[in-house]
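[1] After the sequence you'll find the predicted model.
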Amino acid sequence: MDQFDGIFESYASHFAAHGARPDRESRAPWAFARLWDERGWRPDPARTVLVTGSKGKGTVTRHLAWNLQTHGPVGLVLSPEERSHLDRLRIDNQPIDAATFDRLWQDIARHQPAMAAQAGEGRYLSPTGWFLSVGLAWFRERGVRWVVIEGGRGVRFDEIGPLDAALAVVTSVHGEHLKAIGPTVADIWDDKLSLAPRAQRLVVGQQVAEQAVALGRTLPAHAQVSPAPPALGDGSVPAWLATDRQIAADALAALAPGLPFRWFGSPSFTDTRLGDVPAWLEPVVHPDSLDDAFLQRLAREGAAVVLGLPDDKAVAGILARLRAAGLRDLAAFTLTSPVGHVRSDWLAEHPDVAPLGPLDVVFPDVAAARQRLVQHAASRRGLYVIGVQVFTRTMRAVFGIHLGGPEPCPPTT
């Protein structure tokens, strides 16, 4: 048992009994909203920012919080964690300490039976909701001025759905999480944009606007489209990185006109090394989130690819994009989890992808993963390490990466 077991208990029990059912049939955000109202934890809408999207929401969320620190203090909620569950919750970029987390969680845990009854039969209380509840309690206790929240995979049945905000941001919409919030891309678009009525201002990426046209949807009247920046596709960095920077800058200008925007480097894309071998680390959620110009640059430099993808992602499409760009030296970790909700059975269908061994995404053996990665890299000119967030979290620990942003501030009083 550890300090987070109770947070995942409801989800683990539900998954064991029901499997991966769509969020609309399994989650209960209203139970958390009632808790926040009863305890007075609902944040002030005039000082709340909500961010969602298929790709880029973490980068945009962090940069909005980091830049708002000049008007701080700022409470930040990330989904999922960067390297440990505690760094999901921050004030002025400083993660919550274990003692404070334990104290607040023990107080909240008393409400579990009543909230389970409110959730209803066949529904679970999500870990995302529990972490957000601890964060909101902590932010109220410490008197933060701003609250910036990165949503989970959806909105309507994610715990950000019941919140009101001064600003909402939708970065992009890709065909991921089709089983959870689909079944179509149109359903995902509608879900992400359901933030709009609860926000005074709305900023969306250009890809969201283009998707609207393709799907026959209409953007809300108060939507501001962040245009794609010039000079994309030169291969120096993935195109989405420059796009996210533009979205974050436009969102900050909409929220706080005149406040200068500072770029701190990407929290999601890292140009690093593994010993003497160049390496690039990037979360990938869908084939459309890959940038061909950047992939072709890596192919010219002789990079090999290491993947960490579960079965519920568009693995075949991702592999096809990599191969088309000339990246054919492919290997992958076999992702596992204690309750079986993360699996990589797709590897059996792709014998040209070399297996690097199992990796438990909940309790990862970081030392063993690093050893296997070092051995794999020994005869290669570079490594492009990509996969879902729970995989890249472990890879950050493997590489010893600490993400960007301003230096942690002293604890807020």
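    Good, I have the coordinates. Numbering: from 1, shown residues only.

[2] For the nearest residue to His286 once chain neighbours are set aside, give me its contacts.
    Leaving aside its chain neighbours, His286 sits nearest to His174 (3.9 Å; criterion: C-beta to C-beta, 6 or more residues apart in numbering). Placement of C-beta: from N, CA and C, glycine included. Contacts for His174 (C-beta atoms under 8 Å, 6 or more residues apart in numbering) come out as Ser54, Lys55, Val185, Ile188, Val285, His286, Asp288, Ser289.

[3] and with 6 Å instead?
    Counting by C-beta atoms under 6 Å, 6 or more residues apart in numbering, His174 touches Ser54, His286, Asp288, Ser289.

[4] what's the most distant pair in those residues?
    Greatest spatial distance in the contacts of His174: Ser54 and Asp288, 8.5 Å, computed using C-beta to C-beta.

[5] okay, those two: which has more neighbours?
    Using other C-beta atoms under 10 Å as the criterion, Ser54 and Asp288 rank with Ser54 on top: 25 against 19.

[6] what's the spacing between that one and Lys192?
    Distance, Ser54 to Lys192, using C-beta to C-beta, to the nearest Å: 8 Å.

[7] Kindly report the same for Ala293.
    Counting by C-beta to C-beta, the gap from Ala293 to Lys192 is 26 Å.

[8] Equivalent analysis for Arg393, please.
    Arg393 is 23 Å from Lys192, by C-beta to C-beta.

[9] Same drill for those two, tell me which one is more crowded.
    More crowded of Arg393 and Lys192, by other C-beta under 10 Å: Lys192, with 27 against 22.

[10] coming back round to it: pick the one among the contacts of His174 closest to Gly265.
    For these, the residue nearest Gly265 by C-beta to C-beta is Ser289; the value is 19.2 Å.

[11] For that closest one, which residues are in contact?
    Counting by C-beta under 6 Å, 6+ apart, Ser289 touches Lys55, His174.

[12] any chance you could map the helices in the stretch 101-250 of the chain?
    Assigned by DSSP state H, counting those that start in this stretch, the stretch 101-250 of the chain shows helices spanning 112-119, 127-142, 178-181, 185-193, 206-215, 239-255.

[13] Pass me the low-pLDDT residue ranges in the stretch 201-350 of the chain, would you?
    Applying pLDDT under 70 to the stretch 201-350 of the chain flags the ranges 231-233.

[14] residue contacts, Val366?
    Applying C-beta under 6 Å, 6+ apart to Val366 gives the contacts Ala397, Val398.

[15] One more: Phe139?
    So Phe139 contacts Gly75, Val147 (C-beta under 6 Å, 6+ apart).

[16] Tell me how far it lies from Leu219.
    As judged by C-beta to C-beta, Phe139 and Leu219 stand 31 Å apart.

[17] now Ala354
    44 Å.

[18] ok, those two, which is more surrounded?
    Per other C-beta under 10 Å, whichever of Ala354 and Leu219 has more neighbours is Leu219, with 18 against 14.

[19] Help me confirm that the more buried one comes into contact with Glu210.
    No - the pair Leu219 / Glu210 is not scored as a contact, 10.7 Å apart, by C-beta atoms under 6 Å.

[20] Find the nearest non-adjacent residue to Val306, please.
    Closest residue to Val306 apart from its sequence neighbours, by C-beta to C-beta, 6+ apart: Val385 at 4.7 Å.

[21] and the one you found, bridged to which residues?
    Beta-bridge pairing of Val385 under DSSP bridges involves Leu281, Val306.

[22] Per-residue pLDDT of it, please?
    What the model reports as pLDDT for Val385 is 97.

[23] how about it, what does it touch?
    By C-beta under 6 Å, 6+ apart, Val385 lies in contact with Leu281, Val306, Met395.

[24] returning to what we had before: overlap in contacts, Leu219 and Glu210.
    Shared contacts of Leu219 and Glu210, defined by C-beta under 6 Å, 6+ apart, are not found at any residue.

[25] Run through the neighbouring helices and strands of the strand or helix carrying Pro355.
    Assigned by DSSP states H and E, Pro355 belongs to strand 354-360. Judged by 3 or more C-beta pairs under 6 Å, 6 or more residues apart in numbering; DSSP states H and E, the packing partners of strand 354-360 are strand 330-336, helix 366-377.

[26] neighbours around Gly235, how many?
    The burial count for Gly235: 15, using other C-beta under 10 Å.

[27] swap in the one 10 residues further on?
    Counted with other C-beta under 10 Å, the burial measure for Arg245 works out to 20 neighbours.

[28] And Gly154, by the same measure?
    25.

[29] Count the residues that sit near the nearest residue to it once chain neighbours are set aside.
    Once flanking residues are discounted, Gly154 sits nearest to Ile181: 4.2 Å by C-beta to C-beta, 6+ apart. By other C-beta under 10 Å, the residues close to Ile181 number 22.

[30] circling back: average pLDDT for the strand holding Pro355, rounded please.
    97.

[31] Tell me what angle it forms with helix 366-377.
    When axes from the mean of the first three to the mean of the last three C-alpha atoms, to 10 degrees is applied, the directions of strand 354-360 and helix 366-377 differ by 170 degrees.

[32] any idea which helix or strand comes after the helix or strand in which Leu76 is found?
    If you go by DSSP H and E, Leu76 is part of strand 74-77. Downstream of strand 74-77, the first helix or strand assigned by DSSP H and E is strand 89-91.

[33] Tell me which strands that next one pairs with, and in which orientation.
    Assessed with DSSP bridges, strand 89-91 is paired to strand 74-77 (antiparallel), strand 94-95 (antiparallel).

[34] what's the distance between that strand and the middle of its chain?
    With C-alpha atoms, centre = their mean, to the nearest Å as the basis, strand 89-91 stands 15 Å off its chain's centre.

[35] Contacts for it, please.
    With contacts defined as C-beta under 6 Å, 6+ apart, strand 89-91 is touched by Pro73, Gly75, Leu76, Ile96, Gly135, Arg142, Val144, Thr412.

[36] Next: stretch 308-320.
    Counting contacts by C-beta under 6 Å, 6+ apart, the residues outside stretch 308-320 that touch it are His286, Pro287, Phe333, Leu335, Val342, Arg343, Ser344, Asp345, Trp346, Gly387, Phe391.

[37] Which members of those residues are positioned in strands?
    Phe333, Leu335, Gly387 (DSSP state E).
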